[in-house]
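**Student:** turn this into a structure:
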Amino acid sequence: MIGKLYHLAHMVEDLAATDRLFFEVFSCLRPYHDYEDGGKRYASLAIIADQCFEPIHPSDDPADADTPLARYRARFGDRMHSIAWYADDVQSFARRLLDYKIRLIGLNGRPVTDPEPGMAVWTHPRDTGVLIEFAEPGFAADPRLGRSFKLDLWRNHPLALLRTSHVTVLTHNLDHADWLYGEVLGGSLLHRDTTNPATPRAYYAIGEDTVIDAVAPATQDTPEGADYAAAGKAVHAITFATADLAGACRFLASHNISVTEAGPNLVWLNLDPGHGLRMGLTDIPIPGDLRS
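**Tutor:** Numbers count the residues shown, from 1 in each chain. Model prediction:
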(Lines give C-alpha, C1' and ligand atoms only; values in the text may rest on other atoms or scores of the structure.)
Protein backbone atom coordinates (compact mmCIF):
# COMPACT_ATOMS: atom_id res chain seq x y z
CA MET A 1 0.00 0.00 0.00
CA ILE A 2 2.98 2.32 0.46
CA GLY A 3 4.42 3.70 -2.77
CA LYS A 4 7.27 6.08 -3.55
CA LEU A 5 8.86 8.23 -0.90
CA TYR A 6 7.09 11.59 -1.28
CA HIS A 7 9.67 13.84 0.39
CA LEU A 8 12.14 14.35 3.22
CA ALA A 9 11.44 17.54 5.15
CA HIS A 10 14.22 19.49 6.81
CA MET A 11 14.34 22.76 8.74
CA VAL A 12 16.61 25.39 7.19
CA GLU A 13 18.03 28.69 8.34
CA ASP A 14 17.91 30.38 4.92
CA LEU A 15 15.55 28.85 2.36
CA ALA A 16 17.02 30.87 -0.51
CA ALA A 17 20.52 29.59 0.32
CA THR A 18 19.33 25.97 0.38
CA ASP A 19 17.50 26.50 -2.90
CA ARG A 20 20.77 27.77 -4.44
CA LEU A 21 22.71 24.77 -3.11
CA PHE A 22 20.21 22.33 -4.59
CA PHE A 23 20.15 24.11 -7.96
CA GLU A 24 23.82 25.00 -8.42
CA VAL A 25 25.39 21.82 -7.03
CA PHE A 26 22.73 19.14 -7.49
CA SER A 27 20.86 20.46 -10.58
CA CYS A 28 17.51 20.02 -8.86
CA LEU A 29 14.08 20.38 -10.39
CA ARG A 30 11.83 22.67 -8.34
CA PRO A 31 8.08 22.04 -8.81
CA TYR A 32 7.09 24.15 -5.81
CA HIS A 33 8.22 27.22 -3.87
CA ASP A 34 5.73 29.21 -1.83
CA TYR A 35 4.43 30.38 1.53
CA GLU A 36 1.69 28.23 3.04
CA ASP A 37 -0.45 30.11 5.50
CA GLY A 38 -1.97 27.02 7.12
CA GLY A 39 1.44 25.79 8.24
CA LYS A 40 2.89 29.29 8.66
CA ARG A 41 5.98 28.32 6.68
CA TYR A 42 7.98 29.00 3.56
CA ALA A 43 9.01 25.86 1.69
CA SER A 44 10.26 24.40 -1.57
CA LEU A 45 10.15 20.99 -3.16
CA ALA A 46 13.45 20.04 -4.80
CA ILE A 47 13.87 16.90 -6.92
CA ILE A 48 17.37 15.41 -6.91
CA ALA A 49 17.62 12.07 -8.72
CA ASP A 50 14.85 9.87 -7.27
CA GLN A 51 14.57 11.96 -4.11
CA CYS A 52 12.36 14.93 -3.23
CA PHE A 53 13.47 17.29 -0.48
CA GLU A 54 11.23 19.77 1.28
CA PRO A 55 13.36 22.48 2.90
CA ILE A 56 11.20 24.46 5.33
CA HIS A 57 11.66 27.80 7.05
CA PRO A 58 8.91 28.47 9.60
CA SER A 59 7.48 31.96 9.81
CA ASP A 60 9.62 34.35 11.87
CA ASP A 61 6.57 36.34 12.93
CA PRO A 62 6.41 36.29 16.76
CA ALA A 63 2.67 35.68 16.43
CA ASP A 64 3.49 32.31 14.83
CA ALA A 65 5.99 31.16 17.45
CA ASP A 66 3.59 28.56 18.86
CA THR A 67 2.97 26.75 15.56
CA PRO A 68 4.23 23.14 15.37
CA LEU A 69 7.02 23.87 12.88
CA ALA A 70 8.22 26.94 14.73
CA ARG A 71 8.26 25.03 18.02
CA TYR A 72 10.19 22.17 16.41
CA ARG A 73 12.84 24.51 15.02
CA ALA A 74 13.11 26.39 18.31
CA ARG A 75 13.74 23.11 20.11
CA PHE A 76 15.93 21.21 17.65
CA GLY A 77 17.31 23.82 15.25
CA ASP A 78 17.95 23.21 11.57
CA ARG A 79 17.84 19.47 10.91
CA MET A 80 15.97 16.64 9.25
CA HIS A 81 12.33 16.79 10.31
CA SER A 82 10.19 14.01 8.81
CA ILE A 83 9.57 11.40 6.12
CA ALA A 84 6.56 11.43 3.82
CA TRP A 85 5.43 8.48 1.71
CA TYR A 86 2.74 8.17 -0.91
CA ALA A 87 0.00 5.63 -0.25
CA ASP A 88 -2.58 4.69 -2.86
CA ASP A 89 -5.41 4.69 -0.32
CA VAL A 90 -4.55 6.84 2.68
CA GLN A 91 -7.96 6.28 4.26
CA SER A 92 -7.43 2.52 4.36
CA PHE A 93 -3.80 2.80 5.41
CA ALA A 94 -4.67 5.26 8.16
CA ARG A 95 -7.13 2.74 9.55
CA ARG A 96 -4.33 0.16 9.56
CA LEU A 97 -2.15 2.53 11.58
CA LEU A 98 -4.97 3.20 14.03
CA ASP A 99 -5.43 -0.56 14.45
CA TYR A 100 -1.79 -0.65 15.59
CA LYS A 101 -2.61 2.04 18.18
CA ILE A 102 -0.62 4.67 16.29
CA ARG A 103 -2.17 8.07 16.82
CA LEU A 104 -2.66 10.24 13.73
CA ILE A 105 -2.81 13.99 13.13
CA GLY A 106 -4.47 15.77 10.21
CA LEU A 107 -3.50 18.81 8.16
CA ASN A 108 -5.29 21.05 10.67
CA GLY A 109 -3.17 19.69 13.54
CA ARG A 110 -6.09 17.84 15.13
CA PRO A 111 -6.23 14.13 15.96
CA VAL A 112 -7.59 11.84 13.24
CA THR A 113 -9.80 9.02 14.50
CA ASP A 114 -12.08 8.57 11.49
CA PRO A 115 -9.96 9.00 8.34
CA GLU A 116 -11.58 10.52 5.27
CA PRO A 117 -10.77 9.74 1.62
CA GLY A 118 -7.95 11.73 0.06
CA MET A 119 -6.65 13.27 3.28
CA ALA A 120 -3.01 13.44 4.37
CA VAL A 121 -2.11 12.17 7.84
CA TRP A 122 0.91 12.38 10.12
CA THR A 123 1.86 9.88 12.79
CA HIS A 124 2.28 10.95 16.40
CA PRO A 125 6.05 10.89 17.06
CA ARG A 126 5.55 9.35 20.50
CA ASP A 127 4.17 6.26 18.74
CA THR A 128 6.52 6.00 15.75
CA GLY A 129 9.55 7.97 16.91
CA VAL A 130 10.18 9.47 13.49
CA LEU A 131 7.41 11.79 12.31
CA ILE A 132 5.90 10.17 9.20
CA GLU A 133 3.40 11.61 6.72
CA PHE A 134 1.23 9.67 4.28
CA ALA A 135 -0.45 11.30 1.28
CA GLU A 136 -1.98 10.07 -1.94
CA PRO A 137 -0.21 10.60 -5.31
CA GLY A 138 -1.29 13.92 -6.74
CA PHE A 139 -1.33 15.60 -3.32
CA ALA A 140 1.39 17.90 -4.72
CA ALA A 141 3.01 18.47 -8.10
CA ASP A 142 5.68 15.80 -8.48
CA PRO A 143 7.43 15.27 -11.83
CA ARG A 144 8.74 11.88 -10.65
CA LEU A 145 5.22 10.47 -11.01
CA GLY A 146 5.12 11.22 -14.74
CA ARG A 147 6.00 8.57 -17.31
CA SER A 148 8.57 10.85 -18.96
CA PHE A 149 10.63 11.32 -15.79
CA LYS A 150 14.13 9.86 -16.06
CA LEU A 151 17.24 9.84 -13.90
CA ASP A 152 19.58 10.56 -16.82
CA LEU A 153 20.13 14.18 -15.74
CA TRP A 154 21.78 13.07 -12.49
CA ARG A 155 23.45 9.91 -13.76
CA ASN A 156 25.22 12.03 -16.38
CA HIS A 157 25.96 14.77 -13.85
CA PRO A 158 29.48 15.02 -12.30
CA LEU A 159 28.01 13.61 -9.08
CA ALA A 160 26.91 10.51 -11.04
CA LEU A 161 23.94 9.91 -8.72
CA LEU A 162 22.22 6.58 -9.31
CA ARG A 163 19.49 6.76 -6.67
CA THR A 164 18.97 7.26 -2.98
CA SER A 165 20.90 4.49 -1.25
CA HIS A 166 19.11 4.83 2.09
CA VAL A 167 17.57 7.12 4.65
CA THR A 168 18.97 6.74 8.16
CA VAL A 169 16.65 6.96 11.15
CA LEU A 170 17.42 6.66 14.85
CA THR A 171 15.61 4.31 17.20
CA HIS A 172 15.98 3.10 20.77
CA ASN A 173 16.31 -0.54 19.75
CA LEU A 174 16.08 -2.71 16.65
CA ASP A 175 13.08 -4.61 17.97
CA HIS A 176 11.06 -1.41 17.63
CA ALA A 177 12.45 -0.96 14.12
CA ASP A 178 11.34 -4.50 13.22
CA TRP A 179 7.85 -3.69 14.49
CA LEU A 180 7.49 -0.31 12.80
CA TYR A 181 9.35 -0.67 9.49
CA GLY A 182 8.77 -4.38 9.09
CA GLU A 183 5.37 -5.26 10.54
CA VAL A 184 3.43 -1.97 10.51
CA LEU A 185 4.80 -0.48 7.28
CA GLY A 186 5.15 -3.83 5.54
CA GLY A 187 8.87 -3.54 4.83
CA SER A 188 11.26 -6.38 4.10
CA LEU A 189 14.42 -6.79 6.16
CA LEU A 190 17.37 -6.65 3.76
CA HIS A 191 20.31 -6.80 6.12
CA ARG A 192 21.16 -6.55 9.81
CA ASP A 193 24.61 -5.27 10.75
CA THR A 194 25.78 -5.57 14.35
CA THR A 195 29.52 -5.63 13.61
CA ASN A 196 29.90 -2.22 15.28
CA PRO A 197 28.33 -2.51 18.75
CA ALA A 198 28.12 1.29 18.97
CA THR A 199 25.78 1.48 15.97
CA PRO A 200 23.77 -1.73 15.42
CA ARG A 201 21.55 -1.22 12.38
CA ALA A 202 19.00 -2.89 10.15
CA TYR A 203 18.02 -2.06 6.56
CA TYR A 204 14.41 -2.36 5.36
CA ALA A 205 13.01 -2.11 1.83
CA ILE A 206 9.75 -0.17 2.08
CA GLY A 207 7.22 0.70 -0.60
CA GLU A 208 8.25 1.29 -4.18
CA ASP A 209 11.91 2.22 -3.83
CA THR A 210 12.90 3.27 -0.30
CA VAL A 211 15.49 1.67 1.96
CA ILE A 212 15.40 2.69 5.62
CA ASP A 213 18.57 2.27 7.67
CA ALA A 214 17.45 2.05 11.30
CA VAL A 215 20.23 2.62 13.84
CA ALA A 216 20.04 2.07 17.61
CA PRO A 217 23.04 4.01 18.98
CA ALA A 218 24.65 2.49 22.06
CA THR A 219 26.88 5.46 22.94
CA GLN A 220 27.08 9.19 22.30
CA ASP A 221 30.55 8.83 20.76
CA THR A 222 29.29 8.43 17.18
CA PRO A 223 27.44 10.93 14.94
CA GLU A 224 24.33 8.80 15.30
CA GLY A 225 24.70 8.63 19.07
CA ALA A 226 25.30 12.36 19.44
CA ASP A 227 22.25 13.09 17.30
CA TYR A 228 20.13 10.63 19.29
CA ALA A 229 21.17 12.36 22.51
CA ALA A 230 20.15 15.72 21.02
CA ALA A 231 16.94 14.82 19.19
CA GLY A 232 15.92 11.28 20.16
CA LYS A 233 14.20 9.02 17.64
CA ALA A 234 14.46 11.12 14.48
CA VAL A 235 15.50 11.22 10.84
CA HIS A 236 19.29 11.39 10.87
CA ALA A 237 20.68 11.36 7.33
CA ILE A 238 20.29 10.56 3.66
CA THR A 239 22.89 8.75 1.57
CA PHE A 240 22.97 8.73 -2.23
CA ALA A 241 24.48 5.98 -4.34
CA THR A 242 26.99 7.25 -6.90
CA ALA A 243 28.71 5.53 -9.82
CA ASP A 244 31.87 7.62 -9.32
CA LEU A 245 32.68 8.46 -5.71
CA ALA A 246 36.09 9.98 -6.43
CA GLY A 247 34.72 12.09 -9.28
CA ALA A 248 31.82 13.25 -7.12
CA CYS A 249 34.26 14.37 -4.41
CA ARG A 250 36.31 16.33 -6.95
CA PHE A 251 33.17 18.05 -8.22
CA LEU A 252 32.09 18.95 -4.69
CA ALA A 253 35.54 20.39 -3.99
CA SER A 254 35.15 22.61 -7.06
CA HIS A 255 32.08 24.06 -5.31
CA ASN A 256 33.97 24.49 -2.02
CA ILE A 257 32.21 21.56 -0.37
CA SER A 258 34.64 19.31 1.49
CA VAL A 259 33.89 15.75 2.55
CA THR A 260 34.77 13.57 5.50
CA GLU A 261 35.67 9.96 4.77
CA ALA A 262 33.81 7.43 6.90
CA GLY A 263 35.39 4.41 5.24
CA PRO A 264 36.71 3.44 1.80
CA ASN A 265 33.26 3.65 0.21
CA LEU A 266 31.40 6.36 2.15
CA VAL A 267 31.87 10.11 2.54
CA TRP A 268 29.83 12.75 4.36
CA LEU A 269 29.37 16.17 2.82
CA ASN A 270 30.43 19.03 5.09
CA LEU A 271 27.44 21.25 4.39
CA ASP A 272 26.59 24.40 6.29
CA PRO A 273 24.49 23.29 9.30
CA GLY A 274 21.88 25.85 8.28
CA HIS A 275 20.75 23.53 5.47
CA GLY A 276 19.55 21.03 8.08
CA LEU A 277 21.01 18.09 6.18
CA ARG A 278 23.41 15.26 6.91
CA MET A 279 24.12 13.88 3.45
CA GLY A 280 26.40 11.06 2.37
CA LEU A 281 27.65 9.44 -0.83
CA THR A 282 28.53 5.79 -1.29
CA ASP A 283 29.49 3.50 -4.16
CA ILE A 284 28.69 0.13 -2.59
CA PRO A 285 25.21 -1.45 -2.54
CA ILE A 286 23.38 -2.54 0.59
CA PRO A 287 23.44 -6.34 0.96
CA GLY A 288 20.19 -7.74 -0.36
CA ASP A 289 19.22 -4.53 -2.21
CA LEU A 290 17.77 -5.53 -5.60
CA ARG A 291 17.22 -2.02 -7.00
CA SER A 292 18.98 -1.43 -10.32
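
**Student:** give me the element Ser82 is part of.
**Tutor:** Element membership of Ser82, judged by DSSP states H and E, is strand 80-87.

**Student:** I meant Glu133, not that one.
**Tutor:** Here Glu133 sits within strand 131-135, counting by DSSP H and E.

**Student:** counting contacts, what elements does that strand pack onto?
**Tutor:** strand 2-11, strand 80-87, helix 90-99, strand 121-123 (3 or more Cβ pairs under 8 Å, 6 or more residues apart in numbering; DSSP states H and E). From N, CA and C alone the C-beta is placed, and that goes for glycine too.

**Student:** try 6 Å this time
**Tutor:** With contacts taken as 3 or more Cβ pairs under 6 Å, 6 or more residues apart in numbering; DSSP states H and E, strand 131-135 sits against strand 80-87, strand 121-123.

**Student:** now do Gly232 against Ser148, distance only.
**Tutor:** Per Cβ to Cβ, to the nearest Å, Gly232 is found 41 Å from Ser148.

**Student:** sketch out the helices for the stretch 51-200 of the chain, chain order is fine.
**Tutor:** In order along the chain, the stretch 51-200 of the chain carries the following helices (DSSP state H, counting those that start in this stretch): 68-76, 90-99, 125-128, 152-155, 174-177.

**Student:** got any ranges where the stretch 1-150 of the chain has weak pLDDT?
**Tutor:** The stretch 1-150 of the chain contains no residues with pLDDT under 70.

**Student:** change it to 90
**Tutor:** 1, 38-39, 107-110, 116-119, 138-141 (pLDDT under 90).

**Student:** so where do the strands sit in the stretch 151-292 of the chain?
**Tutor:** If DSSP state E, counting those that start in this stretch is used as the criterion, the strands of the stretch 151-292 of the chain fall at 161-170, 188-193, 201-206, 210-215, 235-242, 259-261, 266-269, 279-282.

**Student:** okay, these in a markdown table with mean neighbour count and distance to Ser59 next?
**Tutor:** Listed next are those as a markdown table, based on neighbours: other Cβ atoms under 10 Å; distance: least, Cβ to Cβ, whole Å:
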| stretch | mean neighbour count | distance to Ser59 |
| --- | --- | --- |
| strand 161-170 | 23 | 27 |
| strand 188-193 | 15 | 40 |
| strand 201-206 | 22 | 32 |
| strand 210-215 | 26 | 30 |
| strand 235-242 | 23 | 22 |
| strand 259-261 | 14 | 34 |
| strand 266-269 | 19 | 28 |
| strand 279-282 | 20 | 26 |
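
**Student:** closest to Arg96 out of those strands?
**Tutor:** Ranking the strands of the stretch 151-292 of the chain by proximity to Arg96 (Cβ to Cβ) places strand 201-206 first, at 14.1 Å.

**Student:** mean confidence for the closest one?
**Tutor:** Per-residue pLDDT over strand 201-206 has a mean of 98.

**Student:** mind checking how far Ala231 is from Arg163?
**Tutor:** Here the criterion is Cβ to Cβ. By it, Ala231 lies 26 Å from Arg163.

**Student:** same check, this time on Ala248
**Tutor:** Using Cβ to Cβ, Ala248 is found at 14 Å from Arg163.

**Student:** cool, and Ala230?
**Tutor:** Summarising the geometry, the distance separating Ala230 from Arg163, computed by Cβ to Cβ, is 29 Å.

**Student:** ok so, going back, tell me which of Gly232 and Ser148 has more neighbours.
**Tutor:** For Gly232 against Ser148, the residue with the higher neighbour count under other Cβ atoms under 10 Å is Gly232, and the figures read 14 against 5.

**Student:** state the distance from that one to Val130.
**Tutor:** According to Cβ to Cβ, Gly232 and Val130 sit 10 Å apart.

**Student:** likewise for Arg291?
**Tutor:** The span separating Arg291 from Val130 equals 22 Å under the rule Cβ to Cβ.

**Student:** looking at those two now, which is surrounded by more residues?
**Tutor:** Each of Arg291 and Val130 has its neighbours counted (other Cβ under 10 Å); Val130 has more, 23 against 16.

**Student:** skipping adjacent residues, who's closest to the more buried one in space?
**Tutor:** In space, and not counting its chain neighbours, Val130 is closest to Val169: 5.0 Å by Cβ to Cβ, 6 or more residues apart in numbering.

**Student:** again, but for Ala234
**Tutor:** In space, not counting the residues next to it along the chain, Ala234 is nearest to Leu170; the distance is 5.5 Å by Cβ to Cβ, 6+ apart.

**Student:** tell me what the one you found is bridged to.
**Tutor:** According to DSSP bridges, the partner residues bridging Leu170 are Val215.
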